[in-house]
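In: Quick one: sequence plus predicted model below, questions after.
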Amino acid sequence: RLVYVLNGPNLNLLGKRQPHIYGHETLADVEAQCRVLAGELNLELRFHQSNREYEIIDWIHEARAHAAGLAINPAAFTHTSVAILDALNAFEGPVLEVHISNVHKREAFRHHSYVSLRADGVIAGFGTQGYGLALRRLAALIDQAAG
Ligand code: DQA
């Protein structure tokens with residue numbers, strides 16, 4: 001029951017970057033909360049962030065080999081990256097898309113997501129709590145798939 005939680009560009013600045021939009025928690029805080037919850041849900045967790053598109057693609061390829069599910073906040077790559085969509089299309093387990101902010105309440109260019117063409121579910125506007133919700137849903141989907 002290995003799951004990946006992947007984070008795209010600028011999320012390393014979480015807590016410092018536009019806190020009125022993204023809140024005051026850091027990505028390290030989010031990772032710590034995910035680790036506690038993953039323990040409760042009996043999930044093994046790989047948690048990564050990168051500002052580089054290829055690194056995110058490489059982690060998705062790595063997940064392909066041995067992960068049961070994946071949650072991704074692709075950040076700005078959500079709206080631009082056919083390459084991340086293609087990588088996710090090569091992943092067989094459940095994929096959940098997470099956005100801290102409600103992208104639909106924001107600029108029009110944030111309303112379209114390439115990743116949503118693959119995602120089994122999308123969480124947006126729940127703040128950093130969205131990560132925990134995604135982990136719970138991944139655990140349920142992995143259980144379902146296992147019958
Ligand atoms: C984001 C929303 C994106 O539009 C933006 O580029 C981000 C973060 C979010 O978590 O709300 O960097 O994915």
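Out: Here it is on my side, so go on. Numbering: from 1, shown residues only.

In: how about the helix ranked longest in the chain against the ligand, any contact?
Out: Across the chain, the longest stretch assigned as helix under DSSP state H is helix 129-146. No - Helix 129-146 is not in contact with the ligand by CB under 6 Å from any ligand atom; minimum separation 7.9 Å. To be clear about C-beta, it is placed using only N, CA and C from the backbone, and glycine gets the same treatment.

In: Give me the buried positions along that helix.
Out: Taking 16 or more other CB atoms under 10 Å as the neighbour-count basis, helix 129-146 is seen to contain the buried residues 130-135, 137-139, 141-142.

In: Go through these and say which is closest to the ligand.
Out: The ligand lies nearest to residue 130 out of the buried residues of helix 129-146, by CB to the nearest ligand atom, at 7.9 Å.

In: Pull the contacting residues for that closest one.
Out: Residues in contact with residue 130 (CB atoms under 8 Å, 6 or more residues apart in numbering) are 98-100, 123-124.

In: Which of these fall within strands?
Out: 98-99, 123-124 (DSSP state E).

In: what distance separates the lowest-mean-pLDDT helix or strand in the chain from the centre of its chain?
Out: Lowest on mean pLDDT, DSSP states H and E among the helices and strands of the chain sits helix 19-22, with a mean of 92. Counting by CA atoms, centre = their mean, to the nearest Å, helix 19-22 is centred 18 Å from the centre of its parent chain.
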